[in-house]
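Engineer: Sequence first, then the predicted structure, then my questions.
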Amino acid sequence: MTESAAAADDRAAEGPDLAAFAADWARAVSGTSYIPLARGELTQLLSAQLAELVEACEREPFSTEPGYRVAEQLVAADIASPEALGRTIRVLGDEVADEMPVAARQRMRALLAEFAIAYSRALCDRTLDAQEQIRRAALSSRDEAVKALHASEARFRHAALHDPLTGLPNRAMLVEQLAHTINAAEQDRLVALCVLDVDHFKVVNDTHGHAAGDDLLRTLAQRLRQVAQPGRWFLARIGGDEFALLATGVPGDEETFDRLVAAALEVVAEPAPVGGHRMVVRASAGLVVRGAAQTLPAELLRAADISLHWAKSDGRGRWVAHSSDRDQLQTSQYRLASQLPAALEHDQIVPVYQPIVDLADMTVVGAEALARWHHPYDGEIAPNDFIGLAEQTGHVIALGRSMLRQACRAAASWPAPYSSAFVSVNIAAPHVHDHDITADVQEALAVSGLDPSRLVLEITETLATHTSPDVIAKLRKIADMGTRIAIDDFGTGYSNFDYLRTLPVHLIKLDTSFVKDLAGGPSGNRLATSIVTTLIRLAHTLDLATIAEGIETPAQAQILRDLGCDAGQGWHLGRPRPSLA
Amino acid sequence: MDDLDWVPDGVDTDTPSAARMYDYLLGGAHNFAADREAARRVLEIRPDSALLAQANRSFLRRAVRFMVERGIDQFIDLGSGVPTVGNVHEIAQRYDPGARVVYVDIDPIAVMHARDLLAGDPQTVVLEQDIRKPDEILDDRQVRTLLDLDRPVGVLAVAVLHFLPDAEDPAGMLERVREVVADGSYLAVSHGTADGNPELAERARQVYARTANPVVVRTHAEVERLLGAWRLVEPGLVEVREWQPEDAIDPPATVPSNYGGVAVKA
């Protein structure tokens, strides 16, 4: 053994200088990864670990377990990198072990082998944990982002499908829900749709302001919500003052639907605070109930809207159930209305003539021209089924001209004994008010060659009571030509008879209703008789001739004759016919 | 998980994030392949990048300790990043167990991870917020609940300001914070610089330019200007390793890479 080797063995026997080695170890591992300790703190920590390892080398029985423990403590203290492992083995396995006795040196290396295994495992676990954490964070933040997106989509969708004022679903959502309900319903289910509209809502807005109107709508929405019982009926606000209720049921539930609609109208009609007042509004509603298998969303909506329209036109403040018959009738009327212009052009609408008989000698003195539509597919259509349409659609003027023209031409060719009989043509109010009725009359007379005195124009009492200087002038001009003016349905409307002073009136026609009551019975007809007597007397006083309409029995004819009525018409005296002759 | 084509900002793990690159450079494993690859490119350019990151982190530790020793027990860590080794609350609570910390970051993954880690800790709050919006941070209900802004607070802007170009007005942000916090509050900043080696710094900048967080390096004077009315304490704005070192063993910084300093609102 050399001098130096002996000295080294001496040093080894004394054991390593732990403080110096701990400082070496700290220097070796610092910078391998971030270690959140001041150098002094690090040295202190390592010094304790080193002491444990050195002590373990001397302890009996020897165990490598401290190698394991030290490794775990190092990694836990964030001294955790492959570099730190390598450098630790270098410092402990070389520098420190070299200073130890041979037996202890071997033990130190065995401890380091255990240390390396445990350190690697701890490092590996730490890495896996960190990876798991960061991946979980990435997934969660992605989830959060998706949730945020969905929330914003949901908000957007909610806004698109809801009414901001009441928070109720809007029309778009109703349509969506309707399609869904119909598609999802089993074949035998019923689908009920009610459309409800506040009557005269505009008045609320106009008198109390829009804020008050909005308050009212919110109040009504809240009440309707309760009626609808969330979950049972689907409630939507589908327009300014229009709400809809949708539900399904089984056959037999029709009454439930009816009750609900009635309840909805009732809650609307309860007094509501509007602009500091308690106000009562009413609503109208239309209800349609259909089998889910037999309907489509658009159809159901249309039917409910039509029923609502009926409820409005029937007088508001009520609800009307959809009726296919009424719908079909209306539809066919719309169809007829659209065909009216062509029918007039092709002379499909022609006059028939109902005789007007002198009640004194029962001779025919004239005839009323009544319009008949000879429809190519529907056959003959009565005036009641199309005159109203003609008035609504403005075709009544063309109809009046056509009737004038045809009636004058026919009358001009009547043979004896009708060659001096007059023809009476109905003229609509707008024809007189807004059009040159005078020119039309003149033209009809000129073309036909009919003597003006053989033409009578029948105007309604309503027209007669709403005259203007212009109307009076037109009728005077006609009267001046020799054509006479008759007041149709005399005595049925409200009138002040003042027109009898200003208008050139020659004839009055007593309405069917008076005539009907005349022969009704012994006691009931006294009043009717008095009225008719008075009317006839009034007419005669004013030098007007009287024609009674709707005479259906010989008794009626007799009574009217006895009362002094000049002439009459009705089934008893002669039915309408294509030609008077 | 939905099959979305759409990936929200910051949730795309294929784009490197400066926070996770920093974690990798510090020896952490809270990062993804893209982060590691970008960090390795930085290391190729500047092999001492890991040491520089550690030096930055050490500066943060010393700055927090410095503040705690001056009675600061509430902190706002702006741009806290991925919670990795040696987080502010761990440092602060070692010296003052009652210390409270608000972590603020804009990176949703970092925030989510921090929340996961700190779930149930009543002394910390993790806020997902943009540090360019100081009012949003300082007026946040959670922040106001945890911190008492009538008392001094320690504000940390460590290794974050170099992600804000002048157009984003980092100086204005620091000034706004200064206006709101109480007298006696401290601010710690560290900031990357090219003063030592412009060519290397430029190459590193190019790597970060392709990440979610491009870098703007600033000169010593520029970093000082960012501080505005904040008054630097000794030794002023210096290389982070030279800021109040705890031991003389650290090799002296021959080439500055990050400036660090602590300032006070006096």
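Structural biologist: Done, it's in.
Engineer: Ranking helices and strands of chain B by mean pLDDT, which lands last?
Structural biologist: helix B:198-209 (a mean of 80; mean pLDDT, DSSP states H and E).
Engineer: residues touching the residue of the stretch 51-200 of chain B found nearest chain A, list them.
Structural biologist: In the stretch 51-200 of chain B, the residue that lies nearest chain A is residue B:86 (2.9 Å; Cβ to the nearest Cβ). C-beta coordinates here come from the backbone N, C-alpha and C atoms, glycine included. Listed by Cβ atoms under 8 Å, 6 or more residues apart in numbering or on different chains, the contact set of residue B:86 reads A:34, A:36, A:78, B:57, B:60, B:61.
Engineer: what would those look like in CSV with distance to residue A:449, secondary structure and neighbour count?
Structural biologist: As requested, the contacts of residue B:86 are exported to CSV (distance: Cβ to Cβ, whole Å; DSSP: H, G, I helix; E, B strand; the rest coil; neighbours: other Cβ atoms under 10 Å in any protein chain shown):
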residue, distance to residue A:449, secondary structure, neighbour count
A:34, 122, coil, 28
A:36, 124, coil, 21
A:78, 124, coil, 20
B:57, 120, helix, 23
B:60, 119, helix, 23
B:61, 123, helix, 24
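Engineer: can I assume residue A:51 sits in a strand?
Structural biologist: No - Residue A:51: not assigned to a strand; according to DSSP: H, G, I helix; E, B strand; the rest coil it is helix.
Engineer: In stretch A:573-581, which residues are buried?
Structural biologist: Neighbour counts over stretch A:573-581 (16 or more other Cβ atoms under 10 Å in any protein chain shown) mark A:573, A:574, A:576, A:580 as buried.
Engineer: Between those residues, which sits nearest chain B?
Structural biologist: Looking across the buried residues of stretch A:573-581 and measuring by Cβ to the nearest Cβ, the closest to chain B is residue A:576, at 77.7 Å.
Engineer: which element is the residue nearest to residue A:82 when sequence neighbours are not counted on?
Structural biologist: Excluding the flanking residues, the one nearest residue A:82 by Cβ to Cβ, 6 or more residues apart in numbering or on different chains is residue A:123, at 7.3 Å. Assigning secondary structure by DSSP states H and E places residue A:123 in helix A:102-161.
Engineer: and the next helix or strand after that helix, how far out from the chain's middle?
Structural biologist: Next in sequence after helix A:102-161, counting helices and strands by DSSP H and E, comes helix A:171-184. Chain-centre distance of helix A:171-184: 11 Å, with Cα atoms, centre = their mean, to the nearest Å.
Engineer: Retrieve the pLDDT associated with the residue positioned nearest the centre of chain B.
Structural biologist: In chain B, the residue lying closest to the centroid (Cα atoms, centre = their mean) is residue B:158, at 3.0 Å. Confidence at residue B:158, expressed as pLDDT, is 95.
Engineer: Same check on residue A:564?
Structural biologist: 94.
Engineer: Kindly report the same for residue B:28.
Structural biologist: Residue B:28 is given a pLDDT of 90.
Engineer: show me what contacts it?
Structural biologist: Taking Cβ under 8 Å, 6+ apart as the test, what residue B:28 contacts is A:33, A:34, A:130, B:82, B:84, B:85.
Engineer: on contacts alone, who are the packing partners of the helix or strand harbouring residue A:285?
Structural biologist: In this structure, residue A:285 sits in strand A:283-291 according to DSSP H and E. Where contact means 3 or more Cβ pairs under 8 Å, 6 or more residues apart in numbering or on different chains; DSSP states H and E, strand A:283-291 is packed against strand A:190-198, helix A:254-269, helix A:297-313, strand A:319-321.
Engineer: That one versus helix A:254-269: what angle between them?
Structural biologist: 160 degrees (axes from the mean of the first three to the mean of the last three Cα atoms, to 10 degrees).
Engineer: Give the rounded mean pLDDT of strand A:283-291.
Structural biologist: Per-residue scores along strand A:283-291 average to 93.
Engineer: just stretch A:107-127 next, same as before
Structural biologist: The model assigns stretch A:107-127 a mean pLDDT of 93.
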